[in-house]
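Asker: for reference, the sequence and a predicted model appear below.
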Amino acid sequence: MYAGDSAFEAHGLGVRHRRGWALKDCSFRLPAGRICGLVGPNGAGKTTLLSIMAQVLEPTEGTFSVFGAAPGSVDSGRISFLAQEKSLFRGFSVAETLRLGRELNPGWDQRTAEDIVRAGDVPFDAKIGTLSGGRRTRVALALALGKRPDLLLLDEPMSDLDPVARKELTGALLAEAAEHGTTVLMSTHVLAELENVCDYLVVLSGGKVRLAGDVDELLSVHTVVTGAKEGEGLPASLAHHPLVESRISGRQFTALIRPDSPAIGPWETDKPSVEELLLAYLRSPDALPVITPTAQAQDQAYNTRTVAA
Ligand SMILES: Nc1ncnc2c1ncn2[C@@H]1O[C@H](COP(=O)(O)OP(=O)(O)OP(=O)(O)O)[C@@H](O)[C@H]1O
């Protein structure tokens, strides 16, 4: 429905708290229909960014749009935000929780919501307050997906689920997103789970965007170089390639570079995995940021609101 369009564009977003900036100079674009992993160390600004996108937090500075519309004019029914603290009524039963979802959301999909609850053997008559953390998460996910949003924002959604439930719910999420073209932005610390799930990545560190773009584009501009160590540090002839990270173990060096020419040298070269790429950027917060062409915020003229600092 929104192919080629932006689900989200940020221009110079910043959020300042008393002790400093939680988010600063944040500019990137998330195309509609993508499944995006949001990665960064503790305190990087992930929850802050998700809260702005969900329109529950106002930026101190900068502008943004959701599906091309200025904040405030986006129908809230198009966005589902599953926060780390799941806001469910503890005294409601699971069935009552889903009924509330149905009453509040015109596009409600009861079958999807029920299927998710049933797959975890969660009794429909159980009170939310009596459920384990993982089962509460399942009900919250059922509510988020049942709403049939265009933009689904998930803040570490799988953190209290067991491995089998994680896999099953990730599968359900992907199937839903593929069927309805939902855009998903999902923060996580489990990097291995992003491979084969996300086709888009945003890495934050210290409140700034370090990496943003299509997974294939990001992988294709990086190379892992491995070889025998010559003297101290990396071989001098590698020096002109922008370096993200290097490690020496025994007599061998490994470096993740952004080659500025195809001629790299006599060493073994390989494409990084998603996990290798992310780990390298997480370990090297001073590496030059990469925002691929697809992730460059484009439309500067769409929005009107800039909240003064
Ligand atoms: N209400 C607040 N008041 C003051 N500082 C805040 C507030 N909310 C967030 N911060 C600070 O903003 C920074 C970013 O926080 P945020 O929760 O967005 O990080 P995060 O990447 O989601 O972290 P985590 O991985 O631990 O969940 C942190 O330094 C945090 O302490």
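Answerer: Perfect, I can see it now. Numbering: from 1, shown residues only.
Asker: now stretch 264-280, how far from the centre of its chain.
Answerer: 22 Å (Cα atoms, centre = their mean, to the nearest Å).
Asker: ditto for stretch 91-109
Answerer: Relative to its chain's centre, stretch 91-109 lies at 27 Å (Cα atoms, centre = their mean).
Asker: got it, and stretch 63-79?
Answerer: On Cα atoms, centre = their mean, the centre of stretch 63-79 falls 18 Å from the chain's centre.
Asker: what's the pLDDT at Arg305?
Answerer: Confidence at Arg305, expressed as pLDDT, is 34.
Asker: I meant to write Trp267 there.
Answerer: Trp267 carries a pLDDT value of 88.
Asker: next up, the contacts around it.
Answerer: Val225, Thr226, Gly227, Pro235, Leu238 (Cβ atoms under 8 Å, 6 or more residues apart in numbering). (Glycine included, C-beta is placed from N, CA and C.)
Asker: does stretch 13-24 come close to the ligand?
Answerer: Yes. For stretch 13-24, a contact with the ligand is found by Cβ under 6 Å from any ligand atom, at His17, Arg19, Ala22.
Asker: so what's the residue count around the closest residue in space to Glu275 that isn't next to it in sequence?
Answerer: Nearest non-adjacent residue to Glu275, counting by Cβ to Cβ, 6 or more residues apart in numbering: Leu191, 4.6 Å away. Counted with other Cβ atoms under 10 Å, the neighbours of Leu191 add up to 17.
Asker: okay, Val190 and the ligand: tell me how far apart.
Answerer: 12 Å (Cβ to the nearest ligand atom, to the nearest Å).
Asker: can you get me a residue count around that residue?
Answerer: For Val190, using other Cβ under 10 Å, the count is 13.
Asker: what's the closest non-adjacent residue to it?
Answerer: Nearest non-adjacent residue to Val190, counting by Cβ to Cβ, 6+ apart: Met158, 7.3 Å away.
Asker: what separates the most centrally placed residue in the chain from Lys271, distance-wise?
Answerer: The residue lying closest to the centre of the chain (Cα atoms, centre = their mean) is Leu38, at 2.4 Å. Per Cβ to Cβ, to the nearest Å, Leu38 is found 23 Å from Lys271.
Asker: try Asp150
Answerer: Here Asp150 is placed at a distance of 33 Å from Lys271 (Cβ to Cβ).
Asker: neighbour-wise, which of these two wins?
Answerer: Asp150 (22 against 12).
Asker: ok, now which ones touch that one?
Answerer: For Asp150, the contacting residues are Met1, Tyr2, Ala7, Ala32, Phe67, Arg78, Ile79, Gly181, Thr182, Thr183, by Cβ under 8 Å, 6+ apart.
Asker: the same query, at a cut-off of 7 Å, please.
Answerer: Phe67, Arg78, Thr182, Thr183 (Cβ atoms under 7 Å, 6 or more residues apart in numbering).
Asker: just Phe28 next, same as before
Answerer: Ala10, Val202, Val209, Ala212, Ile291, Ala295, Ala297.
Asker: may I have the phi/psi pair for the last one?
Answerer: Read that as Ala297. Here is the backbone geometry of Ala297 (degrees, to the nearest 10): phi -70, psi 130.
Asker: for it, the count of nearby residues, please.
Answerer: Using other Cβ under 10 Å, Ala297 has 22 neighbouring residues.
Asker: same check on the third one?
Answerer: Here the number of neighbours of Val209 (other Cβ under 10 Å) works out to 24.
Asker: ok now the helix or strand containing it, how far from the chain's centre?
Answerer: Element membership for Val209 (DSSP states H and E) is strand 208-214. Relative to the centre of its chain, strand 208-214 is centred 10 Å away, using Cα atoms, centre = their mean.
Asker: just checking: what are the partner strands of that strand?
Answerer: When pairs are called by DSSP bridges, strand 208-214 turns out to pair with strand 200-205 (antiparallel), strand 290-291 (parallel).
Asker: which residues of this structure lie near the ligand?
Answerer: Within the chain, the positions lying close to the ligand (Cβ under 6 Å from any ligand atom) are His17, Arg19, Ala22, Gly40, Asn42, Gly43, Ala44, Gly45, Lys46, Thr47, Thr48.
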